[in-house]
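Q: got a predicted structure here, sequence first:
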Amino acid sequence: MLKKLKKFLHDVTVGEDEDKAFDADDHRLCAAALMVHIISVDGVVDDSERKKLRQVLQSSYDLDEQSTSELIEEAGKRNKEAVDLYGFTSVLKRRLDIDGRRKVVEMMWEMVFADGEVHEFEDNTVWRVTELLGLPASDRLALRRRVATRENIPLDSDTINGDADA
């Protein structure tokens, strides 16, 4: 009954859109919104980050070009409307098993490394999301190393400085 009431209130206030490919409770939308957030948290979104976002979403969720564009557009809207990260992470924690949540953190690291720099706000965001997803710090660090190795990014002292656990 509570779900029906929430849906009714949502439909009345926001409007019902049956044509949406990704609803608010879709884990793909929540993961994409976190990735949009992470590439914009340093104040600059460059072409390499946009390209990497598209690539990661397409390959991770087996999407075509149009679906990927729709997902990115909706994720951007959701990110702008969000007051915190909990709205996204609570859905992910509910919908995904531990390996699925690790995959989200791995995708976030791919976004962080997309422009070749690790900004302290990006690093902090991954840390907070990892905590909210109920994953240990060791997973965050292992996933960071995995992505850095795969992307040929050295984890030198400048890269690691923003990470209190390193």
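A: Done, it's in.
Q: show me where the protein has its helices.
A: 2-13, 27-40, 47-61, 65-81, 86-95, 98-113, 120-132, 137-150, 157-160 (DSSP state H).
Q: now the last one: average pLDDT?
A: Model confidence over helix 157-160 averages 46 on the pLDDT scale.
Q: any weak-confidence spans in this structure?
A: 1-20, 156-166 (pLDDT under 70).
Q: rewinding a little: and Ala21, which of the helices of the chain is closest to it?
A: helix 65-81 (5.2 Å; CB to CB). Placement of C-beta: from N, CA and C, glycine included.
Q: was I right about Ala82 contacting Val91?
A: No - shown here, Ala82 and Val91 do not form a contact pair, counting by CB atoms under 8 Å, at 11.7 Å.
Q: circling back to that earlier point, need the helices of the chain in CSV (columns: mean neighbour count).
A: Converted to CSV, the helices of the chain look like this (neighbours: other CB atoms under 10 Å):
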stretch, mean neighbour count
helix 2-13, 9
helix 27-40, 24
helix 47-61, 16
helix 65-81, 16
helix 86-95, 17
helix 98-113, 20
helix 120-132, 19
helix 137-150, 16
helix 157-160, 13
